[in-house]
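> here is my input; please provide its structure:
(3 chains)
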Amino acid sequence: MNFGQFGQQFVNGLSLGSIYALVAIGLAMIFGILRLINFAHGEVLMLGAFATYFYARSGLPFLVIAVLAVLTTVVIGLVMERVAYRPARGAPDVALLLTSLGVSIALQNAAVLAFSAQPKKFPTPRLIEQQVDLGAGVQISGTNLVTVGVALALMAGLTLFVTRTQLGVSMRATAENVTAAQLMGINITTVIVAAFVIGSAMAGVAGILWGARVGRIEPLMGFIPVLKAFVATVIGGFGSIPGAVLGAYILGFGEIFLVAWLPDALTSYRDAFVFTALILVLLVRPQGILGSTEPEKI
Amino acid sequence: MSSGLIAETTEGRPASTGEPILRAAGVGRAFRGLQALADYDLDLRQGEILGVIGPNGAGKSTLFNVITGFLRPTSGRIVFHGREIAGLPPDKITALGIARTFQNIRLFAGMSVLDNVRTAQGMRGGAGFWETIFSAPSFLRKERAIEERALEHLAALGLADLHGVPATSLPYGLQRKLEIARALATEPSVLLLDEPAAGMNAQETADLTQLIRDLHARFGLTVVVVEHDMSLIMRLCERIQVLNYGRVIASGTPAEIRADPKVIEAYLGADETPDMALPTVDGRQQTHEESM
Amino acid sequence: MVTLDHAGSPRGMARSRSRGVQRLAVAVAALALLGLFLAYAEASLNGYRQQLVTLVAINAIIAVSLTLTSGFTGVFSLGQIGFLAIGAYTGALLTIAPQWKSEMFLPGLPEWLATLDLSAWPEQAALLVACVAGGGLAALVAALVGAPLMRLSGHYVAVATMGFLIIVQAVAINWEGVTRGARGLSQIPGLTGLWVAYAWVVVTVYAVWRLRASSFGRAMIASRENLIAARAIGVDVLRKRLLAFVVGAFFTGVAGSLLVHQIGTAAPSAFYFTTTFNVIIMVVLGGMGSISGAVVGATILTLAPEYLRDVEDGMDLGPLSFGAHYGLAQIILAVGFILVMIFRPQGLFGDREVGPALLGRFRPGRRRPAGLSPDATPTLAPGVDEIPADDRSRTG
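Residues are numbered from 1 along each chain as shown, chains lettered A, B, ... in the order given. So this is what the prediction gives:
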C-alpha cells in the first residue's frame, strides 16, 4: 500500500466512522437514558434517505431538501417515542428491547409496502460526487469529505449543546442517574423527547450521507448501519456518547483496513470479524461480566 | 458438611467448642483506594454467636461480602475448615457450608415460599441431569427428600403453613424469616445474618432474638450477626467485634464492649449512639424487590 | 425479566400412587388426543395444510427450546436461529444423495461426507441420524460459544448472541464449498412428516418440562429472579445457564434438520433476523417462562400469517404484489407484538402453564402438600391481602 492508497483508505475509514458515529450517538443517547437498545433507529435512517429521495423530485436545492428530510426523521422519532416507547416505559429492559425490534420490523415492512423492495438511485448532488485531489497522490471523493465535515460539525454542535445548555446538562445528568435526576426536578419526559429529537436528526443526516455513499437506497438499508453503530456503542461503552463516537471511528477504520489487508478470500467474512471482535470486547470488558467487579451494592 | 450431623453432636445447650472454624488474617478490601476493610482478623469458634457492630459505612457489609465470595479481598487470607476460601466464587463457598442473608431482602420474587427454600435445598442432593430427564426413581426419591427437608426448614421458621403463597406477598418480617429459612436450606455450618432485625419493632426483635437462639441450638450453627439493634446484639452474642472505618476498634464480651470508651466515641463520632441505632434511623429504604 | 408471575413447578413428585397413575392417565390421554389429531390431519388435510401443521411442530420445538434457554434463565439469546442453521445444514449434508452433492459442486466437503449415501437406509432412520447429528453439532457449538458468553447478562448477552447469529450467517453465505453460499442447498429429501415432527415436539416438551420441574429448573429461575441471591444459595449460575443454552441448542438443531427435510432447501436467508424475530414473538407472546405458552405462541404465529394472507386476498387490495402481502402480514404481527409488550409484557401465560390438569398438575403454586392445613391462606398476616388483583387472577 503506497501513501496515496493509504490516504484514501484513511479518509474512507474516517468517513465510514463518521456515519457510524452519527448513528451511534442517537443509540447511545437513548440507551443512556432509557436503557433501551433502539433497533428501530436504523429505520429512522432509512426513512431519512427515502424522504430525501421523494423531496428531491420537487427540484428544490439539495440543502433545503436535506433539512426537510431531517425534520421528517425528527417527527418520525417523536411519533415512535410517543406511540411505542412511552407506553412501555418502566417495563423490563428486555420488553423495551423487544418493542424496538417490533417497531423496526413494522417500519421495514411498511417501507417495503410503500416504496417496494426495489433499490432506488439516491439523488446525490453532482457537486459532491466529484473526486478531490489533495496532492501527493491522495484522491478522495467529495462525498467522503462532506461526510466527515458534516459529522464533525454536528458533533461539535452536540458537545456545545450538552455542556452549555440547561437541557443538555439535564440530559447528561439523567444519563448518569435517572432517579437522582428526577429528584433534582428534571423532567424525564422532556429529556427523553430531546434524546429522540437529537438522535433522530442525526440518524436522518446519517441516512442522507449513507445514501450518498452507497448510491442506492432500499427499505432494509438501515439494518447494517444500526448494527455497526451498535457495535460501536458496545466497544465504546454502552450509553457513553464520547465512547460511542470513539467506537464508531475504531470500527470505521477497522473495517476499511481489514478489507484492505485481508486476503481476498476472507474479505467477505468482514462482518464475522467485526462481530467476533465485538464478542471479545464484551468478554474482556468487566461491565457485562457477572461478578464482583460489578459496582453493584449488595 | 451436614448441619444435621453437627446438630446431633451439639444438641442442647449451644456452647462454643473453642475449635476455630473460620479464620481470617489481615483481610482487607479496597475500592479505588478507599479501604473499606483493613487488617481484619477473625477466629470464629465452632458454635459461637459473634456480633459485628459499627456505624454505617464501617465495613460490616463489606466483611460479609468478602467472606461469602461476593467481593474478592484485596489482601489477607480466609480459611474455612482448614481450606483457603478467599477468592472462591460465592456458590463454592456456600457449598462448603457458609450461608448468608441480605441486608435488603433478596427473595426469588416469582416463586412460592416453598420454592424459595426448595431451590436452596436442591443445591444439596439434587438429582443429576440424566436422572432428571428420564424421571428415574432416584430422581423422584431425591425430589421428595428435598421437599420434605425444605418443609422442615420452613417449619423451623414458623412458615410451613404459608409454603404455597407467593414469597413477595409475605409481610416484611416474614420475608426476613423466609430468607433465613432459605439460608438454612443450604445446610450451612456457619450462618451470616446481615441486619436480621432491620425494620422490626421491639417485640418482633425480641422474638427474633429467641428464634435465632433456637436455630443456633437446633441446627448446631455458628452464627455471625451484623446488626444495628443493640438489644439483639447484647442479648444474643457471646462476643462482639466493633468495626469503624474498616478496622476492628474493639472486641470482647457485651459487657466489655458496653464499657469501651472507643466504641462510644466511634458511635458518637458518627452522630449515632448504640442505643439509638435503630435500623430506621439510617434512612435506608427497605425495598426487597430491588432487582439486579 | 418479562415474567412477573410465580414460577410454577411440578409439586409433590408422585406423592401418592394414585396421583402418579392419574398423571400417567393424563399423559396417555394427551398423547392419544395428539395421535387422533395427527391421524385426522393426515387423512383429511391437503398437502399444503399438512405442511403447515408440520411447520407448527417445528416452530414449537424452537420456541420451547428458547423458553428453556432464555425464558427460564433470563439470559436473552438472539442467537437461537444460528443453531437452527447449524442443525439444518448438518442434517441436509448428511441426507442429500451423493450425486446431487457432486452436481451442486461442494468441494469443501470431506470425502466421506461427499460420498455418504443414506438413501438406502429406511427413511426415518436417515432422518433420525440427521436430526441427532444436527442437534448434536448445534449443542457442541453452543457449549463452546456459551462457555464464555453465558458469563454476560442482560443487554450484553443479547448483543453477543446476536453477534453469534451474524457470524453463522456470514459463514453460511461465504463458505461456498460446503453451504453453496447464498443459493443454498437443494435436493434435500423430504423425510419430515407429521408424525416424526410431533414425536420430536413430545420429546422436546418432555425434556424441558422435566428440567423445569427439577433442581435444575428451580436454580435457573432463581438466577433469573435474583442473581445475587441465587449465587448466595449456591447456584453455579454459569453452569446452569450453559446447560440451558446447550440443551436448547440441541433441540433447535433438531428442528433445523426437520425443517430442511420438510421444505427441501437450506438457504442462509431462512436463518436470519426475520426468523429470529418470529421465534421471539412466539415465546414472548406465550409468556417467557411457559412451555405450553411457547407451543401456543408457535401455533398462533405459524398459522396467523396464513389467515392474514387470506384476509388480504378477501379484501382485494388490488395492485399489491405477493411480496407486499407478506409485508402487511408482518406489519400486523409486529404491531400486535408491540401491543402485547405494552399491555401484557409477561405474555399470555407468564410463567404459568396451560391447563394444569392436562399437563399433570404443572402449576400448583397454591396447592399444598398433603397433611398441611388446606385453609392456611386465610390465617395469613395482613400483607397477603395486598396481593394485587391482577396477581391473583394470574395465580389462580
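> which residues in chain B form helices?
Counting by DSSP state H, one finds helices in chain B at the ranges B:3-10, B:60-67, B:90-96, B:113-121, B:129-133, B:137-156, B:172-184, B:202-218, B:230-236, B:254-259, B:261-269.
> mean pLDDT lowest for which of those helices?
Per-segment mean pLDDT for the helices of chain B reaches its minimum on helix B:3-10, at a mean of 38.
> one step back: which one of the helices of chain B lies nearest to residue A:218?
helix B:129-133 (47.4 Å; C-beta to C-beta). Where you see a C-beta, it was placed from the backbone N, CA and C, and this is true even at glycine.
> state the pLDDT value of residue C:180.
pLDDT at residue C:180 comes out at 92.
> how about the backbone phi and psi for residue C:232?
The phi/psi pair for residue C:232 (degrees, to the nearest 10) reads phi -70, psi -30.
> follow-up on the earlier one: export the helices of chain B to a markdown table and append columns for distance to chain C and mean neighbour count.
Listed next are the helices of chain B as a markdown table, based on distance: least, C-beta to the nearest C-beta, whole Å; neighbours: other C-beta atoms under 10 Å in any protein chain shown:
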| stretch | distance to chain C | mean neighbour count |
| --- | --- | --- |
| helix B:3-10 | 14 | 15 |
| helix B:60-67 | 10 | 25 |
| helix B:90-96 | 4 | 22 |
| helix B:113-121 | 4 | 31 |
| helix B:129-133 | 4 | 16 |
| helix B:137-156 | 4 | 19 |
| helix B:172-184 | 6 | 24 |
| helix B:202-218 | 12 | 17 |
| helix B:230-236 | 21 | 20 |
| helix B:254-259 | 29 | 15 |
| helix B:261-269 | 29 | 15 |
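> could I get these as a markdown table with distance to chain A?
A markdown table is the format used below for the helices of chain B (distance: least, C-beta to the nearest C-beta, whole Å):
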| stretch | distance to chain A |
| --- | --- |
| helix B:3-10 | 24 |
| helix B:60-67 | 5 |
| helix B:90-96 | 9 |
| helix B:113-121 | 17 |
| helix B:129-133 | 22 |
| helix B:137-156 | 23 |
| helix B:172-184 | 14 |
| helix B:202-218 | 22 |
| helix B:230-236 | 22 |
| helix B:254-259 | 27 |
| helix B:261-269 | 23 |
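> out of those, which comes closest to residue C:238?
In terms of C-beta to C-beta, the element of the helices of chain B nearest to residue C:238 is helix B:90-96, at 9.1 Å.
> and for that closest one, what's in contact with it?
B:1, B:67-70, B:80-81, B:83, B:85, B:88, B:123, B:186, B:188, C:231-237 (C-beta atoms under 8 Å, 6 or more residues apart in numbering or on different chains).
> centre of the chain to it, how far?
Centroid displacement of helix B:90-96 relative to its chain, using C-alpha atoms, centre = their mean, to the nearest Å, is 14 Å.
> likewise for stretch C:274-289?
Distance, centroid of stretch C:274-289 to centroid of chain: 9 Å (C-alpha atoms, centre = their mean).
> mind putting the helices of chain B in a markdown table, distance to residue C:40 included?
Supplementary listing: the helices of chain B in a markdown table, determined by distance: least, C-beta to C-beta, whole Å:
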| stretch | distance to residue C:40 |
| --- | --- |
| helix B:3-10 | 56 |
| helix B:60-67 | 61 |
| helix B:90-96 | 50 |
| helix B:113-121 | 39 |
| helix B:129-133 | 31 |
| helix B:137-156 | 35 |
| helix B:172-184 | 49 |
| helix B:202-218 | 60 |
| helix B:230-236 | 68 |
| helix B:254-259 | 78 |
| helix B:261-269 | 79 |
